[in-house]
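A.B. asks: quick one: sequence and predicted model below, then my questions.
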Amino acid sequence: MTKKIVITGLGASSPLGGTMRESWEALLAGESGARTLEHDWVAQYELPVTFAAQARVRPDTVLERPVAKRLDPSSQFALVAAKEAFADAGSPELPSERLGVDFSTGIGGLWTLLDAWDTLREKGPRRVLPMTVPMLMPNGPSAAISMHFQARAYARTVASACASSTEALVNAFEHLQAGLADVVIAGGSESAIHPITLASFSSMQALSRRNDDPATASRPYDVTRDGFVMGEGAAALVLETEEHALARGARIYAELAGGGVTADSHHITAPEPEGLGASRAVQLALEHAEASADDVTHINAHATSTPVGDVAEVRALHRIFGDRISEIPVSATKAAHGHLLGGTGALEAAFTVLALHERSAPPTINVTEQDPEAPLRISGTPIPLGEGPQLAVSNSFGFGGHNAVVAIRSV
């Protein structure tokens, strides 16, 4: 028997705000989270890119000091977002064996790993912290959340680059359908604004180099786009069966109607140019939702602002929606919050939930000359959504050819 899976809680710590509500309001206002980096290491290593979308609120200023000290920033962000989401869901009471965690990261505890390496080289092995390995593990975020909430159904981690947290949502959907839990905390986290990642992404020509104007650097679908903007933070969603949510009188934001996961098997960094794998992921999500392409009223696009990636996604969408793609309101929110890598899909899914809940598709900022190869309906201001039933898809695609899409339905 197919179960209806609903979303009852949202939480975030992002470049736009320290909470989900702050992030959403800044997004609707057309703000940008991208700023010039003020770290000494930018000049020390002569980095070609000197800006990023850092989190608006540092997580170690939110968590209790003893807790923060034992967690990598990626786990700190995850715990902050999860605590907000669980409280937003009304802190559901249930047996710990019925509460699960599906969380993700693209890179893991990068800061912990590289700081420990510096310590080893400069001060010797005795100065390396004993918690280094637990802090750098990619499963650190899901473990921290599981232990905080005593979630004993399971605590699982997925790492599929920039598709990670959308894939975590698909996993949560499947785990709830399978009866492994009644409530799941799902999402993703990343804290990788570090000299090594900025240098590497820059070396592969993936980052925008608009050092003189960070706020307008991420410009998806614009003819002058030149790469993405690194971001950081986390987002969490509380998912549960509708039966469980109704029994406890929970407020329901929307329904997680389905999800699709595919692989390009094409190239380690470049997307399959015709969007074949991406379009199959969209189709699978719609099939799970028992919906057709004609039912879709809103799209949150992956849209990183890279010259190649944006066009491949447009081709994938055209394959599914045909010429109707020019009529569906599309939001490319990375223009505002940057690319949170493994955390970005969950943040965008949360924004999609709020778009349906509040009937307003968020704006796509920084587009001054839209690429004719991307004939999408985008706007620099919010686009009102209708009063009737709404169905949206949120896309995420990652290095390695990972594609993950969720379908979200209004209630």
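C.D. replies: Sure thing, it's come through.

A.B. asks: ok, the residue nearest the centre of the chain - contacts?
C.D. replies: A centroid search over the chain (CA atoms, centre = their mean) returns residue 344, at 2.0 Å, as the residue closest to the centre. By CB atoms under 8 Å, 6 or more residues apart in numbering, residue 344 lies in contact with 162, 165, 188, 190, 231, 334, 337, 396. From N, CA and C alone the C-beta is placed, and that goes for glycine too.

A.B. asks: wasn't the first one part of a strand?
C.D. replies: Meaning residue 162. No - according to DSSP: H, G, I helix; E, B strand; the rest coil, the state of residue 162 is helix, so it is not within a strand.

A.B. asks: and the closest residue to it other than its chain neighbours, how many neighbours does it have?
C.D. replies: Excluding the flanking residues, the one nearest residue 162 by CB to CB, 6 or more residues apart in numbering is residue 398, at 3.8 Å. By other CB atoms under 10 Å, 25 other residues sit near residue 398.

A.B. asks: and what of residue 106?
C.D. replies: Using other CB under 10 Å, residue 106 is surrounded by 29 other residues.

A.B. asks: would you mind measuring from it to residue 308?
C.D. replies: 19 Å (CB to CB, to the nearest Å).

A.B. asks: might one say that the residue nearest to residue 162 is in contact with residue 104?
C.D. replies: No - the pair residue 398 and residue 104 fails to qualify as a contact (CB atoms under 8 Å) at a distance of 10.5 Å.

A.B. asks: so what sits against both of the two?
C.D. replies: With CB under 8 Å, 6+ apart, residue 398 and residue 104 have common neighbours 160, 164.

A.B. asks: mind checking the SS state of residue 187?
C.D. replies: Here residue 187 takes the strand state, with states given by three-state DSSP.

A.B. asks: tell me which residues touch it, please.
C.D. replies: Neighbour list for residue 187: 11, 78, 81-82, 85, 103-104, 165, 168-169, 234-237, 343, 346 [criterion: CB under 8 Å, 6+ apart].

A.B. asks: what of residue 180?
C.D. replies: 100, 153, 154.

A.B. asks: so who does residue 47 touch?
C.D. replies: Residues counted as contacts of residue 47 (CB under 8 Å, 6+ apart) are 41, 195, 198, 199, 202.

A.B. asks: again, only using 7 Å
C.D. replies: 195, 198, 199 (CB atoms under 7 Å, 6 or more residues apart in numbering).

A.B. asks: just the buried subset of the residues you listed, please.
C.D. replies: Listed as buried from the contacts of residue 47 are residue 198; burial here means 16 or more other CB atoms under 10 Å.

A.B. asks: could you dump the contacts of residue 47 to JSON lines with distance to residue 354, pLDDT and secondary structure?
C.D. replies: As requested, these are exported to JSON lines (distance: CB to CB, whole Å; pLDDT from 0 to 100; DSSP: H, G, I helix; E, B strand; the rest coil):
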{"residue": "195", "distance to residue 354": "34", "pLDDT": "97", "secondary structure": "helix"}
{"residue": "198", "distance to residue 354": "30", "pLDDT": "98", "secondary structure": "helix"}
{"residue": "199", "distance to residue 354": "35", "pLDDT": "98", "secondary structure": "helix"}
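
A.B. asks: of the contacts of residue 47, which is the nearest to residue 298?
C.D. replies: Distance to residue 298 across the contacts of residue 47 (CB to CB) is lowest for residue 198, with 32.8 Å.

A.B. asks: in stretch 49-61, what counts as buried?
C.D. replies: Quick answer for stretch 49-61 (16+ other CB under 10 Å): 49, 50, 51, 52, 53, 54, 55, 56, 57, 58, 59, 60.

A.B. asks: could you identify the most distant pair in those?
C.D. replies: Spatial extent of the buried residues of stretch 49-61 (CB to CB) is set by the pair 49 and 60 at 24.8 Å.

A.B. asks: gap between residue 31 and residue 393?
C.D. replies: In terms of CB to CB, residue 31 sits 25 Å off from residue 393.

A.B. asks: which one's more surrounded, these two?
C.D. replies: Higher neighbour count among residue 31 and residue 393: residue 393, with 31 against 18, using other CB under 10 Å.

A.B. asks: how many other residues sit next to residue 136?
C.D. replies: Counted with other CB under 10 Å, the neighbours of residue 136 add up to 20.

A.B. asks: does it touch residue 113 like I think?
C.D. replies: Yes - at 4.4 Å, residue 136 and residue 113 qualify as touching, with contact defined as CB atoms under 7 Å.

A.B. asks: residue 210 looks like it's in a helix, true?
C.D. replies: No - Residue 210 is assigned coil when assessed by three-state DSSP, not a helix.

A.B. asks: can you give me the strands for the stretch 151-300 of the chain?
C.D. replies: 154-158, 183-190, 233-241, 254-263, 298-300 (DSSP state E, counting those that start in this stretch).

A.B. asks: residues touching stretch 76-83, excluding its own?
C.D. replies: Residues outside stretch 76-83 that contact it (CB under 7 Å, 6+ apart): 11-13, 55, 59-60, 62-63, 68, 71, 103, 141, 144-145, 148, 185, 187, 189, 191, 233-236.

A.B. asks: pLDDT weak spots in the stretch 301-411 of the chain?
C.D. replies: The stretch 301-411 of the chain contains no residues with pLDDT under 70.

A.B. asks: which stretches of this structure form helices?
C.D. replies: Taking DSSP state H, the helices of the chain run over residues 20-28, 40-44, 65-69, 73-88, 110-123, 132-136, 140-149, 164-177, 195-203, 242-247, 276-288, 307-321, 334-337, 344-358.

A.B. asks: now the third one: mean pLDDT?
C.D. replies: Here helix 65-69 scores 97 as its mean pLDDT.

A.B. asks: what comes up buried for that helix?
C.D. replies: Within helix 65-69, the residues scored as buried using 16+ other CB under 10 Å are residue 68.

A.B. asks: cool, the second one as well?
C.D. replies: Using 16+ other CB under 10 Å as the burial criterion, the residues of helix 40-44 that qualify are residue 42.
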